[in-house]
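Peer 1: Quick check, what structure comes out for this input:
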Amino acid sequence: VSLEAYEFVMAFKDVWTGFRNSVFYTACDVLLQMTMTILVAYPLSRRNFQGRSIYTMIFYMSTRVSAGLIPGFILKCNLGLFDNIWAVLISGSVAVSHILILRTCFQTAIPGELFDSAMIDGANHFKCVTKIALPLAKATLSVLILYCIVGQWNEYFTSMLYLRDQKLYPLQLVLRPIMQAATAMGQMDTSGMNA
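Peer 2: Residues are numbered from 1 along each chain as shown. Alright, predicted model coming up:
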C-alpha cells in the first residue's frame, strides 16, 4: 500500500479549490434539482390536474428528442452563462427521470384519499406536499438525492464546455491535467526502462 499518489496530487494547490468548487456545485445542484423535481412531480401526480397527461408526455418526449449540444451551447452563451457557475448549475436543474420517478411514487405509494381528506380539513397544496407527500416519500427522495450527488460530483463535461476561469473548475477538471502529467511521466519512466 502506497500513498505516493495522494502526496503527488495534494502538492498542487488548485486541488483544494477544485474540491471546494465541487462541494459547492454538488450542494447547490441537489437543492435546486430536488426543489424543481418536487415542484413538478406533485402536480403531475394529482388526478384532478388538468392536462397532466399532456405535460407528462412533453417531459417524457424531452428525454427522447434533444436539440443537441451546439444549440444548447449557443443558447447559454446568448443568455450570458458562458464562464459562469450558473451554466453548471442550470444544466442539470431538471432531471426528467427523477420527476417521473417521484411522480410515480406520489401516485402509487400515497393514497389519493389522504390528500382529499387533508383538503377537506383545510390544508392547501403546500401543506399537502410538506406534511403528507414528502414525509411518506422519504425513501424515494433519499435515493434521488443520492443520484443527484453522484451525478453532479462526477460531472465534468458541462464544466469543461462552459467554464474558462480555472478558479471555477470542479475537482474533476483540476485533476485531469494532473493525471495526464502523471501518465506521461509514467510512460517516460517505462520507456526509459525498456531502452
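Peer 1: where's residue 122 relative to residue 110, distance?
Peer 2: Look at residue 122 and residue 110: by C-beta to C-beta, to the nearest Å, they are 19 Å apart. C-beta coordinates here come from the backbone N, C-alpha and C atoms, glycine included.
Peer 1: Name the residue in these two with the higher neighbour count.
Peer 2: Neighbour tally, residue 122 and residue 110, criterion other C-beta atoms under 10 Å: the higher count belongs to residue 110, 17 against 7.
Peer 1: Do I have it right that the more buried one meets residue 131?
Peer 2: No. Residue 110 lies out of contact with residue 131 (C-beta atoms under 8 Å); the separation is 11.8 Å.
Peer 1: my guess is residue 144 contacts residue 35, does it?
Peer 2: No. Counting by C-beta under 8 Å, residue 144 does not reach residue 35; the two are 11.8 Å apart.
Peer 1: Please identify which of these two sits among more neighbours.
Peer 2: Taking neighbours as other C-beta under 10 Å, residue 144 and residue 35 compare with residue 144 leading, 24 against 11.
Peer 1: can you tell me which residues contact residue 15?
Peer 2: Taking C-beta atoms under 8 Å, 6 or more residues apart in numbering, we find residue 15 in contact with 9, 171, 174-175, 178.
Peer 1: Show me where the protein dips below the pLDDT cut-off.
Peer 2: Low-confidence segments of the chain (pLDDT under 70): 187-195.
Peer 1: and residue 147, what is it in contact with?
Peer 2: Neighbour list for residue 147: 95, 98 [criterion: C-beta under 8 Å, 6+ apart].
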